[in-house]
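what shape does this take:
(chains A and B)
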Number of protein chains: 2
Amino acid sequence: MGVGAVKSKRMPRAVREQQMLDAAVLTFARRGYRAASMDEIAEVAGVSKPLVYLYLNSKEELFSAVIRRESAALAEAVRAAVEPDAPADRQLWSGLKGFFAHTAEHPDGWAVLHQQARTQGEPFAVEVAAMRAEIVEFVTAMIGAAAQEAGCGREPAAREVSGLAHALVGAAESLADWANGRDGGAVPGERPSAKETAATLMNFAWAGLGRLMDGERWSPGG
Amino acid sequence: MGVGAVKSKRMPRAVREQQMLDAAVLTFARRGYRAASMDEIAEVAGVSKPLVYLYLNSKEELFSAVIRRESAALAEAVRAAVEPDAPADRQLWSGLKGFFAHTAEHPDGWAVLHQQARTQGEPFAVEVAAMRAEIVEFVTAMIGAAAQEAGCGREPAAREVSGLAHALVGAAESLADWANGRDGGAVPGERPSAKETAATLMNFAWAGLGRLMDGERWSPGG
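Numbers count the residues shown, from 1 in each chain, chains lettered A, B, ... in the order given. This next block holds a predicted model:
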């Protein structure tokens, strides 16, 4: 037991830091950024408060580190899910499945990014905005590629493609909250699977984009 | 001048309160809830700070009053825009035009509701969530009615209708930010009109819903 105890006390700094970040994600998601205390974060992590300060400096820096880690993990999950050489519709489908699988598996991380970080002012909002911009850019490229693949029909203007990408990303964010049971979403036990949520949005978006690219428009006179 | 000066000093309380709320919306939107000071709000309103406290009690109550007023105004703008006896697609179209016209005309009010209020904890988040739930309910009824009107084809399940409504509302929120120049949105002078933004979402949503109701599905094998 002696050796084991020594080993666990000499846990590498990187491992301890990840435990603190795990505890911080959970605490920030449940209490909100302002109400979350370093005492509670240290307690959840099972370490002393001075150690949290030693490793992460301040609540602000801890929150920044959480945002960076959770943003990078979400972006990486989407990137890894996408089949890069597939047609645009399959790329979007696999990206959406990756997005909803990750947000369902990491509801606290998603809540910190979407509910907390965006509105706590600088520098937090900027970091989340950068990740969101990256995802919007990816979706914009997707829609552009899909329009080219469709070939015939009306190609949407650049501003409309940008608008459609923002609509799709906003829809995905709202659906992630809904699938996680927020905002009047599904109750536990009846929550849709990540694949089902992705299919709802894919059917909605792809059918709509498909009609748009075929030149079909909704008309107020109809 | 004497009478005029006396009159302006005896401005009815209701009018003065609206001026304070106007100043608060502007200040909360630009500084954020935490950083906004009662000093600045009083200065923007052109009244003394004690008068703001006399009328609105505290920064918390002032923020609540702002949220209630801006929520009610947005919900009322959408309600007034909808043609109640029109077919579902026209109701959605007129509701979207009303929504984007109001958010474009009141960018600070929209920023307070969407960027600030949702994440400042209780009781603010609850008030905004109630308004959002009302709008989601309206859209859910719309999609349900549209499915019935479409008659033939596959009627979507209740959970899918709920998911579609959340997707549509999230898309509208994201597009309102984009149209107002937030989140990498359009630069001033090149911003889309409210009607154009509504048309982008309407075409996207309606075409997609139309295909869904005709029983068309996107298939991963395609």
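
residue ranges of the helices in chain A, please?
Along chain A, the segments classed as helices by DSSP state H run A:2-9, A:13-31, A:38-45, A:49-56, A:59-81, A:88-105, A:107-111, A:124-150, A:158-179, A:194-213.

how does chain A divide up, domain by domain?
A:7-57, A:65-213 (automatic domain parsing).

packed most tightly, which of those would that be?
Across the domains of chain A, the average number of neighbours (mean count of other CB atoms under 10 Å in any protein chain shown) peaks for domain A:65-213, which reaches a mean of 19. All C-beta spots, glycine's among them, are computed from the backbone N, C-alpha and C.

now it: how far from the chain's centre is it?
On the basis of CA atoms, centre = their mean, to the nearest Å, domain A:65-213 sits 8 Å off its chain's mean C-alpha point.

follow-up on the earlier one: lowest average pLDDT across the helices of chain A?
The minimum mean pLDDT among the helices of chain A belongs to helix A:2-9 (a mean of 46).

quick one: stretch A:36-53 near chain B?
No: using CB under 8 Å from any CB of the partner chain, stretch A:36-53 never reaches chain B; the gap is at least 11.0 Å.

next, the distance between the ends of that stretch.
Chord length of stretch A:36-53, first to last residue, is 15 Å (CA to CA, to the nearest Å).

how far away is the closest residue to residue A:160 other than its chain neighbours from residue B:87?
Nearest residue to residue A:160 in three dimensions, chain neighbours excluded: residue B:200, at 5.7 Å (CB to CB, 6 or more residues apart in numbering or on different chains). Relative to residue B:87, residue B:200 is positioned 21 Å away (CB to CB, to the nearest Å).

give the contact list for the nearest residue to residue A:48 once chain neighbours are set aside.
Counting by CB to CB, 6+ apart, residue A:42 is the residue found nearest to residue A:48 once chain neighbours are left out, at 6.2 Å. Applying CB atoms under 8 Å, 6 or more residues apart in numbering or on different chains to residue A:42 gives the contacts A:20, A:23, A:48, A:49, A:51, A:52.

got JSON lines for the residues you listed, with distance to residue A:33 too?
Below are the contacts of residue A:42 laid out as JSON lines (distance: CB to CB, whole Å):
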{"residue": "A:20", "distance to residue A:33": "16"}
{"residue": "A:23", "distance to residue A:33": "14"}
{"residue": "A:48", "distance to residue A:33": "22"}
{"residue": "A:49", "distance to residue A:33": "18"}
{"residue": "A:51", "distance to residue A:33": "21"}
{"residue": "A:52", "distance to residue A:33": "16"}
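
list just the nearest of those to residue B:96.
Residue B:96 has its nearest neighbour among the contacts of residue A:42 in residue A:23, at 43.0 Å by CB to CB.

in chain A, which residue is most central in space?
Nearest to the centroid of the C-alpha atoms of chain A, with distances taken as CA atoms, centre = their mean, sits residue A:74, at 4.9 Å.

assess the claim that it and residue A:103 are in contact.
Yes: in terms of CB atoms under 8 Å, residue A:74 counts as a neighbour of residue A:103; the distance is 7.4 Å.

who touches both of these two?
residue A:110.

hang on, residue A:120 packs against residue A:60?
No: using CB under 8 Å, residue A:120 makes no contact with residue A:60, being 9.4 Å away.

rewinding a little: among the contacts of residue A:42, which pair sits farthest apart?
Spatial extent of those (CB to CB) is set by the pair A:23 and A:48 at 12.6 Å.

the helices of chain A into CSV, with extra columns for distance to residue B:91?
Listed next are the helices of chain A as CSV, based on distance: least, CB to CB, whole Å:
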stretch, distance to residue B:91
helix A:2-9, 63
helix A:13-31, 37
helix A:38-45, 48
helix A:49-56, 52
helix A:59-81, 35
helix A:88-105, 29
helix A:107-111, 33
helix A:124-150, 27
helix A:158-179, 19
helix A:194-213, 18
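
ok, which of the ones you listed comes nearest residue B:132?
Across these (criterion: CB to CB), the nearest stretch is helix A:158-179, sitting at 9.5 Å.

now, which of the contacts of residue A:42 sits nearest chain B?
Relative to chain B, the closest of those is residue A:23; by CB to the nearest CB it sits at 20.2 Å.

doesn't residue A:37 make contact with the closest one?
No: with contact defined as CB under 8 Å, residue A:23 does not count as touching residue A:37 (11.6 Å).

ok, back up a step: distance check, the residue nearest to residue A:48 against chain B.
Note on residue A:42: its distance to chain B, by CB to the nearest CB, to the nearest Å, is 22 Å.

roughly how far does that residue sit from residue B:181?
41 Å.

could you do residue A:52 as well?
39 Å.

same thing with residue A:87?
In terms of CB to CB, residue A:87 sits 34 Å off from residue B:181.

cool, residue A:56 as well?
For residue A:56, the distance to residue B:181 - CB to CB - is 35 Å.

ok, residue A:192 next?
For residue A:192, the distance to residue B:181 - CB to CB - is 34 Å.

check contacts around residue A:86.
Per CB under 8 Å, 6+ apart, neighbours of residue A:86: residue A:94.

hang on, the earlier thing: just give the nearest non-adjacent residue to the residue nearest to the centre of chain A, would you?
Closest to residue A:74 by CB to CB, 6+ apart is residue A:102, at 5.6 Å.

over to residue A:39?
Residue A:39's closest residue in space is residue A:49 (CB to CB, 6+ apart), at 6.0 Å.

residue contacts, that neighbour?
A:38, A:39, A:42.

tabulate those (CSV), appending distance to residue B:108.
As requested, the contacts of residue A:49 are exported to CSV (distance: CB to CB, whole Å):
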residue, distance to residue B:108
A:38, 34
A:39, 37
A:42, 39
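
closest to residue B:170 out of those residues?
Using CB to CB, the contacts of residue A:49 come closest to residue B:170 at residue A:38, 33.6 Å.

roughly how far does the closest one sit from chain B?
Residue A:38 is 18 Å from chain B, by CB to the nearest CB.

try residue A:13
On the measure of CB to the nearest CB, residue A:13 and chain B end up 32 Å apart.

what's the answer for residue A:194, then?
Separation of residue A:194 from chain B (CB to the nearest CB) stands at 13 Å.

does residue A:82 touch residue A:95 like I think?
Yes: Residue A:82 is within contact range of residue A:95, at 4.7 Å (criterion: CB under 8 Å).
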